[in-house]
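Q: Provided below for reference: sequence and predicted model.
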Amino acid sequence: MSEHFTLPSILLVGCGKMGGAMLEGWLRAGLAPSVVIDRHITELPAPHQVVRSIQDVPADFVPDVVIVAVKPQKADPVLAELAQRFGQATLLSVMAGRTIASLHATCVQANPQANPLIIRSMPNTPCALGAGMSGLYAPPNATAEQKAHCDALLQAVGETVWVEEEGLIDSVAAISGSGPAYVFLLAELLEKAGGEQGLPPEVARKLARGTLYGAGCMLHTLPTDADELRRNVTSPGGTTAEALKIMMAPQAWPATTSAAIAAAVHRAKELAS
């Protein structure tokens, strides 16, 4: 790999919301010459290439990592094609629910000689800004180099954590993979509530977004636990305390958040079957 590139070469299959978010970050970080398979984007900066199908990948291209970023329900025909050409590759799956065993079985069914090393990951869309949070799992037979390649790719677009059990990737998906949507929902609700209290829409929008950004910076930067940060804002008998009486009622945020995360984990397991 050229010394001018800081990241391994990839074959990215699928460049939708998640694949596209990661690709933006990788291109900025110094991706080695790579190929993207997508039907919607038309060009990439040199030396990278975009093609329409696996059959169009240049014959002499051998990526360090093949990344599968398609919808789980549409993965089988993609994996079957990959198994014919890249059956021995390091394959990084960013699909929710699909287990290593099921992905491997699909590859072998299409090509009995295939034996890809599959690592699972669950990144999130802030990867596009270099602020992603990704969880990864590697099977015991993964080499240090294979893990390092996958970790380098996701470290280039944010932070990473590795889990010791594959099943925990479903929990990662529910917390950080889906997590940005929960934050965006809170921003929507704060804006709406601000409008209901008489604030002009542009003022409510700026207040909501700026507050979430500032609070997120504190959580990211300070070693203080979240509950202590919350208490630091909450004066006894004050306005914050009055709002939190409603939000922290047993059947309010505590119950609904736990139920929502459990529902997301359950859905991930449904996708696996």
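A: Perfect, thanks for sending it.

Q: okay, CA-based contacts and neighbour counts for the rest of this
A: Noted.

Q: isn't Ala128 right up against Met22?
A: Yes. Assessed by Cα atoms under 8 Å, Ala128 is found in contact with Met22 at 5.7 Å.

Q: neighbour count winner among those two?
A: Ranked by neighbour count (other Cα atoms under 10 Å), Ala128 and Met22 place Met22 first, with 28 against 21.

Q: do you know how far that one is from Asn124?
A: From Met22 across to Asn124, the span is 9 Å (Cα to Cα, to the nearest Å).

Q: over to Val233?
A: Note on Val233: its distance to Asn124, by Cα to Cα, is 29 Å.

Q: ditto for Ile10
A: Ile10 sits at a distance of 19 Å from Asn124 (criterion: Cα to Cα).

Q: try Ile169
A: According to Cα to Cα, Ile169 stands 13 Å off from Asn124.

Q: got it, and Arg267?
A: In this view, Arg267 and Asn124 are 17 Å apart by Cα to Cα.

Q: so between the two, which is more surrounded?
A: Using other Cα under 10 Å as the criterion, Arg267 and Asn124 rank with Asn124 on top: 27 against 15.

Q: thought Thr90 was touching Asn115?
A: No. The criterion here is Cα under 8 Å, and Thr90 misses it with Asn115 at 9.4 Å.

Q: could you say which helix or strand holds Leu12?
A: strand 10-13 (DSSP states H and E).

Q: packing partners for that strand?
A: strand 35-37, strand 65-68 (3 or more Cα pairs under 8 Å, 6 or more residues apart in numbering; DSSP states H and E).

Q: what's in contact with the helix or strand of the chain with the lowest mean pLDDT?
A: One helix or strand of the chain scores below all others by mean pLDDT, DSSP states H and E: helix 17-29, with a mean of 89. Helix 17-29 is contacted from outside by 6-7, 12, 15, 69, 123-130, 153-154, 156-157, using Cα atoms under 8 Å, 6 or more residues apart in numbering.

Q: ok, 7 Å please
A: Under the contact criterion Cα atoms under 7 Å, 6 or more residues apart in numbering, helix 17-29 has outside partners 6, 69, 124-125, 127-130, 156-157.

Q: what about Thr90 and Asn115, which has more around it?
A: It is Thr90, of Thr90 and Asn115, that has more neighbours when counted by other Cα under 10 Å, with 24 against 17.

Q: that one and Ala114 touch, don't they?
A: No. Counting by Cα atoms under 7 Å, Thr90 stays clear of Ala114, with 11.4 Å between them.

Q: in three-state terms, label Ser121 for me.
A: The three-state label given to Ser121 by DSSP: H, G, I helix; E, B strand; the rest coil is strand.

Q: quick one, phi psi at the residue lying closest to Ala21 once chain neighbours are set aside?
A: Closest residue to Ala21 apart from its sequence neighbours, by Cα to Cα, 6 or more residues apart in numbering: Ala128 at 4.2 Å. The phi and psi torsions at Ala128 (degrees, to the nearest 10) take the values phi -60, psi -30.

Q: swap in the one 4 residues further on?
A: Its backbone dihedrals place Gly132 at phi -70, psi 160, with angles given as degrees, to the nearest 10.
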